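Chemist: Take this sequence and fold it.
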Amino acid sequence: MADAADRAAELIEEREVAALAARTQFIGESETHCVECDDEIPERRRALGGVTRCVSCQEIHEARGGR
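Modeler: A predicted model of the protein is given here:
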């Protein structure tokens, strides 16, 4: 049976995949660390190009009307 940490990791992965799928334009090199919180951005996310925020900060940014 999965514990809370396993479920949290699954949720993070699902959100990351959803956030990546929502992006429509990938331009330039990605940052290695989030411009908002300075956490490291995972390689898989950086590989898309033009990534400047971690998934969590990007979700907050988009919820506030940013892109």
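
Chemist: Only C-alpha atoms from now on, for both contacts and neighbour counts.
Modeler: Fine.

Chemist: any idea which helix or strand comes after the helix ranked longest in the chain?
Modeler: For the chain, the helix with the greatest residue count under DSSP state H is helix 4-22. Counting by DSSP states H and E, the next helix or strand C-terminal to helix 4-22 is helix 43-46.

Chemist: which residue is nearest the centroid of the chain?
Modeler: Centroid-nearest residue in the chain, with Cα atoms, centre = their mean: residue 55, separated by 2.2 Å.

Chemist: Just to check, that residue is in contact with residue 16?
Modeler: Yes. Residue 55 lies in contact with residue 16 (Cα atoms under 8 Å); the separation is 5.7 Å.

Chemist: residue ranges with poor pLDDT in the protein?
Modeler: For the chain, residues meeting the criterion pLDDT under 70 lie at 1-2, 23-26, 67.

Chemist: repeat that for 90
Modeler: 1-6, 8-10, 12-28, 44, 47-49, 65-67 (pLDDT under 90).

Chemist: tell me which residues of the longest helix of the chain are tucked away?
Modeler: Under the neighbour-count criterion of 16 or more other Cα atoms under 10 Å, helix 4-22 has 16, 19 buried.

Chemist: Stretch 36-49 too?
Modeler: Buried residues in stretch 36-49, defined by neighbour count with 16+ other Cα under 10 Å: 41, 45-46, 48.

Chemist: Take that stretch, keep the C-alpha atoms, and write them as PDB.
Modeler: Output in PDB follows, covering the C-alpha atoms of stretch 36-49 (Å, rounded to 0.1, in the frame of the first residue of the first chain):
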ATOM      1  CA  GLU A  36      11.000  32.500  -8.100                       C
ATOM      2  CA  CYS A  37      12.200  30.100  -5.300                       C
ATOM      3  CA  ASP A  38      15.700  29.100  -6.500                       C
ATOM      4  CA  ASP A  39      14.900  25.400  -6.300                       C
ATOM      5  CA  GLU A  40      16.600  23.200  -8.900                       C
ATOM      6  CA  ILE A  41      14.500  22.600 -12.000                       C
ATOM      7  CA  PRO A  42      14.600  18.900 -12.900                       C
ATOM      8  CA  GLU A  43      16.500  17.900 -16.000                       C
ATOM      9  CA  ARG A  44      13.400  16.500 -17.700                       C
ATOM     10  CA  ARG A  45      11.600  19.800 -17.400                       C
ATOM     11  CA  ARG A  46      14.700  21.800 -18.500                       C
ATOM     12  CA  ALA A  47      15.000  19.700 -21.600                       C
ATOM     13  CA  LEU A  48      11.900  21.400 -23.000                       C
ATOM     14  CA  GLY A  49      13.700  24.700 -23.400                       C
END
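
Chemist: Thank you, goodbye.
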